[in-house]
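>>> need coordinates for the below:
(chains A, B, C and D)
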There are 2 protein chains.
Amino acid sequence: MGTERYATPDAETVAAVVGEALHEGAIVTAEVRCEVEYDGRTSGYLGPGDRLLVAKPDGTFLVHKPANHKPVNWMPSGGTVTADVAAASGEPVIVARRSNPRERLEVRVHETYGLTRFDAADGVEYEESGTEAEMHDYIEAHPEELEEGLRVVEHERETKYGYVDFYASDASGTPVVIEVKRVQATLTHFDQLKRYVSLYDDTGDVRGMLVAPAASERVKRACRDAGLEFVALPDFETEADGTNASLADFS
Amino acid sequence: MGTERYATPDAETVAAVVGEALHEGAIVTAEVRCEVEYDGRTSGYLGPGDRLLVAKPDGTFLVHKPANHKPVNWMPSGGTVTADVAAASGEPVIVARRSNPRERLEVRVHETYGLTRFDAADGVEYEESGTEAEMHDYIEAHPEELEEGLRVVEHERETKYGYVDFYASDASGTPVVIEVKRVQATLTHFDQLKRYVSLYDDTGDVRGMLVAPAASERVKRACRDAGLEFVALPDFETEADGTNASLADFS
DNA sequence: GTGTTTATTTCGGGG
DNA sequence: CCCCGAAGTAAACAC
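Now for the predicted structure:
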C-alpha cells in the first residue's frame, strides 16, 4: 500500500496521526525520546531515552530499545491505544490499556524525531515445518518407528493431570504412555511424563516412554531409575506436500 | 539524536543504508512488501505481503505483520545482518544469520515503501517492581504469612535437581521445601516442587509447599494426591523505597 | 560454553 | 471465558 511520513511532528500531529491511523487499520512507528510507565501484572518505570515505538491496529503496542529482541515495554493485542496532548506539558502522551489482566502503559513523548503511518496489506500466513505437531503426525502414522508392534490408542488423551501426548499399546497389550519432545529432552520433560504415568500407578503395569531427538545422560539415567524409557527419534520425514513456494538458491 | 528517512529507496540505497547504519550503531526500520524464508530450529516460509522490518545494531532482526505482539520471523541479538542486491532480480535481500543454533533468515524485498535510520541514544535501564524476586524478599521477611511458626532456613538452596526457592522448617521442626510462583500455579510448577521434594524422600519426613496467588482445581488436586500443600498468597506488600521516579497523575 | 529458571512470557487449541 | 502446553520461546544467572 504505502507510507506517510511526518518529520519532527508537533504534539497535535502525533496525537491525530496515531489516533486516525490505528482506527483506519494502519501501523504507526515513531522514533522518539520518551519516558515509559507500566502498571499491571508488575509495575515499572523507564527513564528518558531514545526508543522506537510500534503501534498496530489490533491494539499491540511495543517500545523497543536499541538492543534486544524483546521490547522493553509492550501491550499485547486486544487492548486499545490512545494518543493525546498532555495539558500540563503540551507533549504527546500515548496510553495503551487492556483488561484481563488490567494493565496500562503510558509513554510520555519528550521529542518526536519522526512518525510513520504504514497502511500494510498482509493476508498471507506463515507456514512452518518441523514443529512438534508434525512430529506427532509422523508418530501417529509410523508408531513402529518407536517400537515393533506399538499401536496408538489415543492422541492427546485428557487426564486429570493434564494431556498425554499418546496413549498406546505395545505388542503384548501393555499400555504405554508417550511424551513427545521436538527438542533435546530435559528433566522437566521427564517430570511431565512421570506425572502422567503416576495416574496409572494403582491400575497395574503401564510403561512410560519419552520420545525426543536426544537426551542428556542425566535424563536417560532419571528415566532408567524411574522405570521409564527414553526412545531417540532423531529425525522424522516431513509429510511434504510440495505446494509451498520457496526462495531459490540459498547462498 | 535523530532520524534519516528514505522514501521509496532503490535497491542499492536499501543495501547501503542498512549496512552503514547497523555498522554505525543505528536502528533501521523499513516498511516493505517482502517474502521471508527461515531455516534453523524449524523451517518456514512467509509469502508476499506488507511487513515492518526492524534491524538493531546488536544483530536483532524483526519481521512484523500488521497484527500480534510477536514478530512473525526474527533473529535474536548476537547474529549478523547483511543487506545486498540480488543479482537475478535486482531486489534488496536482507539476510540475518547466527550460529549456535545455526539459523538463517532471508528477506527478499519486493517493494520498499520507506526506510528510516534512527541514531538512538539510550543508556537508561528499566526498573521493575512486583517481580518474583520481590515476592521472595517478602516471604523471607514474613514467613509466618505462609504458616504459623514457619522459619526460613535457606533461600535459593542448590540441589542436584536445581534451585529450591526456600528450604524451611515448620513449628515442629519438620523440613519444608517451598516453591514460589508470582502467577497462578500450573501443573509444571507442581512438577517442579515434586522434583525437589523427591530429593528428600529417603531422608524421612519432608513437606512440600507450593505458594502462589492462586491455582486451578487440577493443580490443587495434584498437590493433594502427591501429599504436597498449596498455600495461597494473594498479595504481598512491595517494600517500596520511594526512590524511583514516577509519572504523575494517572488518568 | 551447558544447564536451569523466569517471564508483564505470547500464542493457540480445546472444553 | 479458563486450562493446558508449545515456542525457532528470549534472557538472566549459575556453574
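>>> which parts of the one helix or strand in chain A whose mean pLDDT sits lowest are buried?
The helix or strand of chain A with the poorest confidence is helix A:217-226; it has a mean of 88 (mean pLDDT, DSSP states H and E). Residues A:219, A:220, A:222, A:223 are the ones in helix A:217-226 that count as buried (16 or more other CB atoms under 10 Å in any protein chain shown). Every residue, glycine included, has its C-beta placed from N, CA and C.
>>> tell me the one of the residues you listed nearest chain B?
Nearest to chain B among the buried residues of helix A:217-226: residue A:222, at 9.2 Å, using CB to the nearest CB.
>>> if I look at the closest one, how far off is residue A:215?
In this view, residue A:222 and residue A:215 are 9 Å apart by CB to CB, to the nearest Å.
>>> also residue A:88?
Distance from residue A:88 to residue A:215, by CB to CB: 60 Å.
>>> of these two, which one has the most company?
residue A:215 (23 against 8; other CB atoms under 10 Å in any protein chain shown).
>>> the more buried one touches residue A:229, doesn't it?
No. If you go by CB atoms under 8 Å, residue A:215 and residue A:229 don't touch, sitting 10.9 Å apart.
>>> quickly list what's touching both of the two.
residue A:223 (CB atoms under 8 Å, 6 or more residues apart in numbering or on different chains).
>>> and the furthest pair within the buried residues of helix A:217-226?
Using CB to CB, these reach their maximum pairwise distance at A:220 and A:222, which is 7.3 Å.
>>> residue A:183: neighbour count?
Residue A:183 is flanked by 11 other residues according to other CB under 10 Å.
>>> tell me the pLDDT at it?
Predicted confidence (pLDDT) at residue A:183: the value is 95.
>>> surely it is in contact with residue A:213?
Yes. Counting by CB under 8 Å, residue A:183 does reach residue A:213; the two are 7.2 Å apart.
>>> what do these two both touch?
Here residue A:183 and residue A:213 have no joint contacts, going by CB under 8 Å, 6+ apart.
>>> residue boundaries of the strands in the stretch 1-150 of chain A?
Here the stretch 1-150 of chain A has its strands, by DSSP state E, counting those that start in this stretch, at A:2-7, A:27-39, A:43-55, A:61-64, A:73-75, A:80-85, A:92-98, A:103-119, A:126-129.
>>> DNA strand C: which of those strands is closest?
When those are compared by CB to the nearest atom of the strand, strand A:73-75 sits nearest DNA strand C, at 3.4 Å.
>>> what about that closest one and DNA strand C, touching?
Yes. Using CB under 7 Å from any atom of the strand, strand A:73-75 comes into contact with DNA strand C via A:73, A:74, A:75.
>>> near DNA strand C, which residues of chain A?
Counting by CB under 7 Å from any atom of the strand, chain A sits next to DNA strand C at A:38, A:40-42, A:44, A:60, A:72-77, A:103, A:105, A:156, A:158, A:184, A:186-188, A:216, A:218.
>>> near chain B, from those?
Among the residues of chain A next to DNA strand C, the ones lying near chain B by CB under 8 Å from any CB of the partner chain are A:41, A:42, A:44, A:60, A:72, A:73, A:74, A:75, A:76, A:77, A:187, A:188.
>>> flag the shaky bits of chain A, pLDDT-wise.
Applying pLDDT under 70 to chain A picks out residues A:1, A:237-251.
>>> anything in stretch A:190-200 near chain B?
Yes. Stretch A:190-200 reaches chain B (CB under 8 Å from any CB) through A:191, A:192, A:194, A:195, A:198.
>>> please pick the buried ones from the residues of chain A next to DNA strand C.
A:38, A:44, A:60, A:72, A:73, A:74, A:75, A:76, A:103, A:105, A:187.
>>> burial count for the nearest residue to residue A:193 once chain neighbours are set aside?
The shortest distance from residue A:193 to any non-neighbouring residue, by CB to CB, 6 or more residues apart in numbering or on different chains, is to residue A:179 (4.1 Å). Residues contacting residue A:179 under the criterion other CB under 10 Å number 23.
>>> relative to DNA strand D, how far out is the residue lying closest to residue A:93 once chain neighbours are set aside?
Of all residues not flanking residue A:93 in the chain, residue A:86 sits nearest, at 4.8 Å (CB to CB, 6+ apart). Distance, residue A:86 to DNA strand D, by CB to the nearest atom of the strand, to the nearest Å: 31 Å.
>>> list the contacts for residue A:219?
A:185, A:186, A:187, A:189, A:190, A:210, A:230.
>>> could you count how many residues lie near the first one?
Neighbours of residue A:185 under the rule other CB under 10 Å: 26.
>>> and it, how far from chain B?
14 Å (CB to the nearest CB, to the nearest Å).
>>> what's the answer for the second one, then?
Noted for residue A:186: a distance of 11 Å to chain B, by CB to the nearest CB.
>>> list the contacts of that residue.
Counting by CB under 8 Å, 6+ apart, residue A:186 has contacts A:216, A:219.
>>> again, only this time at 7 Å
Neighbouring residues of residue A:186 by CB atoms under 7 Å, 6 or more residues apart in numbering or on different chains: residue A:219.
>>> quick one, phi psi at it?
Backbone torsions of residue A:186, given as degrees, to the nearest 10, read phi -120, psi 180.
>>> quick check: which element contains the residue in the stretch 151-251 of chain A that chain B sits nearest to?
Per CB to the nearest CB, residue A:191 is where the stretch 151-251 of chain A lies closest to chain B, at 3.9 Å. If you go by DSSP states H and E, residue A:191 is part of helix A:187-198.
>>> and that helix, what does it pack onto?
Helix A:187-198 is packed against strand A:162-169, strand A:175-180, strand A:207-212, helix A:217-226, helix B:187-198, with contacts defined by 3 or more CB pairs under 7 Å, 6 or more residues apart in numbering or on different chains; DSSP states H and E.
>>> the last one near DNA strand D anywhere?
Translated: helix B:187-198. Yes. Residues of helix B:187-198 are located near DNA strand D by CB under 7 Å from any atom of the strand, namely B:187, B:188.
>>> which bits of chain A sit near DNA strand D?
A:68-70, A:100, A:128, A:131-133, A:161-163, A:165, A:179, A:181-183, A:192.
>>> are any of the residues you listed buried, and which?
A:69, A:161, A:162, A:165, A:179, A:181, A:182, A:192.
>>> of all those residues, which two lie farthest apart?
A:69 and A:161 (33.9 Å).
>>> residues in contact with residue A:189?
Contacts for residue A:189 were tallied using CB under 7 Å, 6+ apart; they are A:179, A:181, A:210.
>>> ok, the first one - contacts?
If you count contacts by CB under 7 Å, 6+ apart, residue A:179 has them with A:165, A:189, A:192, A:193, A:196, A:210, A:211.
>>> any idea how far DNA strand C is from the closest residue to DNA strand D within the stretch 101-250 of chain A?
Closest to DNA strand D within the stretch 101-250 of chain A is residue A:162: 2.2 Å, counting by CB to the nearest atom of the strand. Computed as CB to the nearest atom of the strand, the residue A:162 to DNA strand C distance reads 10 Å.
>>> and for residue A:175?
Distance from residue A:175 to DNA strand C, by CB to the nearest atom of the strand: 20 Å.
>>> excluding chain neighbours, what is closest to that residue?
residue A:206 (4.9 Å).
>>> tally of neighbours for that neighbour?
Neighbour number of residue A:206 under other CB under 10 Å is 17.
>>> got the phi/psi numbers for it?
The phi/psi pair for residue A:206 (degrees, to the nearest 10) is phi -140, psi 130.
>>> check contacts around it.
Residue A:206 neighbours (CB under 7 Å, 6+ apart): A:175, A:177, A:197, A:200.
>>> before we move on, back to that, and which of the contacts of residue A:219 is nearest residue B:31?
Taking CB to CB as the measure, residue B:31 lies nearest residue A:186 of the contacts of residue A:219, at 40.2 Å.
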